Each structure stands twice: as C-alpha cells, then as structure tokens.
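Peer 1: Mind folding the following:
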Amino acid sequence: MNSAPASTFDEAYYQRYYYDQKTRVVDPAHTARLGDFVGSYLHYLRVPVQRVLDIGCGIGLWRDSVKRHFPAARYQGVEYSEHLCERHGWERGSVTDYRADAAFDLVICQGVLPYLDRPDLERALANLGTLCQGALYLEAVTREDYEREILDEERTDPRLYRHRAALYRRGLAPHFREMGGGVWLSRRLDVPLFALESASTD
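Peer 2: Residues are numbered from 1 along each chain as shown. From the prediction side, this is the model:
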C-alpha cells in the first residue's frame, strides 16, 4: 500500500482515536448497536455466515458482535498497524492486497478506505469483491459528508482523503448490490430479494 506508512497507525494514533474519551471517534456502545443491526439484517436476508473477515479491525470492537450473532463463525482480524498486530495478535495485511485461501461470508471494513489515495482505493474495492462471497459491511466518510457538515472535523483525522461517494459506488457495483445502511451483498450470493429491497437496479 502506497497511501499511508505503517508508522501512521502507532500507539499515539490509537490513544487519540480509540481510547481517549475526549477525542475518540470509536464508541464501543455504538459499535455494538451497529453490530446488532448488521447481524439482524443478515439473519433476515438469510445470509449464511461461517467465515468473517474484519479488515482493518483496529482494537477488535466487532469481535463480540460477530460472536453474539454468529456463534459458530470463525472471526479473522487483519490489521495494517504493526503496533496492534503485536498487541492483539492480529494477522498483518492491507485491504489493497490481502489474500485468503477462500472467500468470506461476511467482510467488515469500517473506517479504513478514506486513508487510501485513489489508486489504492480502487485496488481495495476490487479486492473486497474478491474477498467477499456473501455480505460486506462498509463504512467510509466521503466528500459529501464534509460538505453537509455531518461529522465532527475536530475528531476526524485530517489525513483522510475526501473521495466522492460515487467513486466508492462505482468500484463496488461490479461485485456487490447495495442494500442500504452500509450493507452490500456479493453478486455471487444467491438469495431472493424483492425489487425494492436493493438499491441496485439490476
């Protein structure tokens, strides 16, 4: 990955954005509610989940939600940060080129892609299509979110790239159908959907 050096995601970074209650952007209670939404939605859609990839897993906040909703599933945490890999034992890797022996039923990618420049972002979106054979949960702030002033810029890392939402959608569209709420279904997954359940037109 060319966008960010590994030294970006050091102990000080996680202290500021994850642990310090005054400056953190990650709220464990919010992540738990989000996990309940995603887990419940996938149960409703009857998406089978046996293998889960949390790519850019940070301190592992999604792990408990995965265990709660999919107790038989195997959770795989992958991190670019050398600091977190040493601290938590995650597998080291990047969303741009991480490879696995088989595709995953659920891929979680939260807060990762805005750190990538456009070439790396396009590689990452294509790679997510390779890694996921079921559902993808994706969260990424876009230029529109800044323009609409719906995020707290004092708590937002100034190193983020402000890509348009359309760039993300174009990269995901060949591989996924958009389901709303950050949930995308792989086009390889055969589940029946009513026409208005999906934002995709095909």
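
Peer 1: In terms of helices and strands, where is the nearest residue to N2 once chain neighbours are set aside?
Peer 2: Excluding the flanking residues, the one nearest N2 by Cβ to Cβ, 6 or more residues apart in numbering is D120, at 6.0 Å. Where C-beta positions appear, they are placed from N, C-alpha and C, glycine not excepted. Assigned by DSSP states H and E, D120 belongs to helix 118-131.

Peer 1: what comes up buried for that helix?
Peer 2: With burial defined by 16 or more other Cβ atoms under 10 Å, the residues of helix 118-131 counted as buried are 120-121, 123-125, 127-129, 131.

Peer 1: Report the secondary structure state of the most centrally placed residue in the chain.
Peer 2: Geometric centre of the chain, nearest residue: C109, 1.1 Å, by Cα atoms, centre = their mean. Following DSSP: H, G, I helix; E, B strand; the rest coil, C109 is assigned to strand.

Peer 1: who does it bridge with?
Peer 2: C109 forms beta bridges with L138, as assigned by DSSP bridges.

Peer 1: got a list of what it touches?
Peer 2: 55-56, 95, 128, 136-140 (Cβ atoms under 8 Å, 6 or more residues apart in numbering).

Peer 1: okay, M1: pLDDT?
Peer 2: M1 is assigned a pLDDT of 67 by the prediction.

Peer 1: repeat for R155
Peer 2: 84.

Peer 1: Neighbours of the closest residue to it other than its chain neighbours, how many?
Peer 2: Leaving aside its sequence neighbours, R155 sits nearest to V25 (Cβ to Cβ, 6+ apart; 5.2 Å). Using other Cβ atoms under 10 Å, the number of residues around V25 comes to 15.

Peer 1: cool, and P28?
Peer 2: Considering only other Cβ under 10 Å, P28 is surrounded by 12 other residues.

Peer 1: With L61 as the reference, measure out to it.
Peer 2: Here P28 is placed at a distance of 6 Å from L61 (Cβ to Cβ, to the nearest Å).

Peer 1: Just want the angle from the helix or strand harbouring M179 to helix 118-131.
Peer 2: Under the criterion of DSSP H and E, M179 resides in strand 176-180. With axes from the mean of the first three to the mean of the last three Cα atoms, to 10 degrees as the basis, strand 176-180 and helix 118-131 are set at 90 degrees to each other.

Peer 1: For strand 176-180, buried residues please.
Peer 2: Within strand 176-180, the residues scored as buried using 16+ other Cβ under 10 Å are 176-179.

Peer 1: Can you name every helix or strand that that strand contacts?
Peer 2: strand 183-186 (3 or more Cβ pairs under 8 Å, 6 or more residues apart in numbering; DSSP states H and E).
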